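# Coordinates for the following, if possible.
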Amino acid sequence: ESENPGAAARILLRAAAMISSRLRATQALISTNAPWVRELRRRIYTDPSTGLLSRAFLDEEVPKSLEKPTAMILVKPDRFKDLNDAYGHAAGDAAMSELSAVLLSETERLGRGWALRLRSNETALVVPRCAPPEAVDLARRLATLVSRLDIRETFPHCDFRFTASAALAVWPDDGDDWPKLVESAYAALTKAWSSGGARIYRLKGKRGEDAS
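Below is the predicted model:
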């Protein structure tokens, strides 16, 4: 026990103040929008195996950059287990690589948006300033591009035919609460996949969803 509790208390208070000051400075630094900070965030949120952004990015960063209207298209290849069972997990990895390339090329073509890997083989394309008619066309385009996936360069004897389940939601048209909209879109994706796949479900706010 200290023989001079007053002096010890002053030392602790100074130390606490210094730590608090440094924490505030660090928070201010990481809150800046400097290019290197943006690049650091991007690296933190990038899935290393595909180069796509992560589910955490969708939950934590996308809401900060929403622009009305923002389209969210979730895409899941159908019968992926059949592909892995028939040709091995390396074939599944090759298919994910091709799918990732498709999503990334779409963000480049559009000049905006984010390509994401949510988990396993579930992916998403989020595009700001994308109204419902354009979003519907984009969802159909993605389904078509998935149907053209070809991994025969790596697996010459693979004749697997790809199809995709997809779900489409537009913020704020279909809901202004982003986290809830994400979960609703996820539920629609699961429904499309479990219903046999090769279909797109479009959320329409409280009116439910349409299939195409």
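# all contacts plus neighbour counts: C-alpha atoms, from now on.
Will do.
# beta partners for the closest residue to Trp114 other than its chain neighbours?
Ranked by Cα to Cα, 6 or more residues apart in numbering and with sequence neighbours excluded, the top spatial neighbour of Trp114 is Val126, at 5.2 Å. Note on Val126: beta-bridge partners by DSSP bridges are Met72, Trp114.
# okay, now Val126: neighbour count?
With neighbours defined by other Cα atoms under 10 Å, the count for Val126 comes to 24.
# Can you name the residues that contact it?
Residues counted as contacts of Val126 (Cα atoms under 8 Å, 6 or more residues apart in numbering) are Thr70, Ala71, Met72, Ile73, Gly113, Trp114, Ala115.
# State the pLDDT value of the residue nearest the centre of the chain.
Computing the C-alpha centroid of the chain and ranking residues by Cα atoms, centre = their mean puts Leu116 first, at 3.1 Å. pLDDT, Leu116: 98.
# same question, Ser212
60.
# swap in Thr32?
pLDDT recorded at Thr32 is 62.
# Also Asn4?
What the model reports for Asn4 is a pLDDT of 70.
# And for the one 5 residues further on?
On the pLDDT scale, Ala9 is placed at 68.
# Show me the shaky parts of this protein.
Along the chain, the parts satisfying pLDDT under 70 run over 1-3, 5, 9, 22-34, 36-38, 42, 205-212.
# what's the distance between the residue nearest to the centre of the chain and Glu134?
Separation of Leu116 from Glu134 (Cα to Cα, to the nearest Å): 19 Å.
# do the same with Leu104
Distance, Leu104 to Glu134, using Cα to Cα: 18 Å.
# Show me where this structure has its helices.
5-30, 35-44, 55-60, 80-87, 89-110, 132-147, 178-194 (DSSP state H).
# Compile those helices into CSV and extend it with columns for mean neighbour count and distance to Trp171.
Shown next, in CSV, are these (neighbours: other Cα atoms under 10 Å; distance: least, Cα to Cα, whole Å):
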stretch, mean neighbour count, distance to Trp171
helix 5-30, 12, 28
helix 35-44, 13, 23
helix 55-60, 16, 13
helix 80-87, 15, 29
helix 89-110, 17, 18
helix 132-147, 18, 9
helix 178-194, 19, 7
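# which one of those helices lies closest to Ala164?
Minimum separation from Ala164 across the helices of the chain (Cα to Cα) falls at helix 132-147, 5.8 Å.
# picking up where we left off before, can I get the helices of the chain in TSV with distance to Ala166?
Output for the helices of the chain, formatted as TSV (distance: least, Cα to Cα, whole Å):
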stretch	distance to Ala166
helix 5-30	35
helix 35-44	25
helix 55-60	17
helix 80-87	14
helix 89-110	13
helix 132-147	7
helix 178-194	6
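# looking at those, which is closest to Thr163?
Thr163 sits nearest to helix 132-147 of all the helices of the chain, at 5.0 Å, using Cα to Cα.
# and that closest one, what does it pack onto?
Here helix 132-147 touches strand 70-77, helix 89-110, strand 164-171, strand 199-203, going by 3 or more Cα pairs under 8 Å, 6 or more residues apart in numbering; DSSP states H and E.
# Between strand 199-203 and that helix, find me the angle.
160 degrees (axes from the mean of the first three to the mean of the last three Cα atoms, to 10 degrees).
# Alpha carbons of helix 132-147, in CSV - could you do that?
Extracted as CSV, the C-alpha positions of helix 132-147 are listed here (Å, rounded to 0.1, in the frame of the first residue of the first chain):
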residue,chain,number,x,y,z
PRO,A,132,-35.9,-0.9,-59.1
PRO,A,133,-36.2,-1.3,-62.9
GLU,A,134,-32.4,-1.2,-63.4
ALA,A,135,-32.0,-3.5,-60.3
VAL,A,136,-34.4,-6.1,-61.8
ASP,A,137,-32.4,-6.1,-65.1
LEU,A,138,-29.2,-6.4,-63.2
ALA,A,139,-30.4,-9.4,-61.1
ARG,A,140,-31.5,-11.1,-64.3
ARG,A,141,-28.1,-10.3,-65.9
LEU,A,142,-26.3,-11.8,-63.0
ALA,A,143,-28.4,-15.0,-63.2
THR,A,144,-27.5,-15.2,-66.9
LEU,A,145,-23.8,-14.7,-66.2
VAL,A,146,-23.8,-17.4,-63.5
SER,A,147,-25.4,-19.8,-66.1
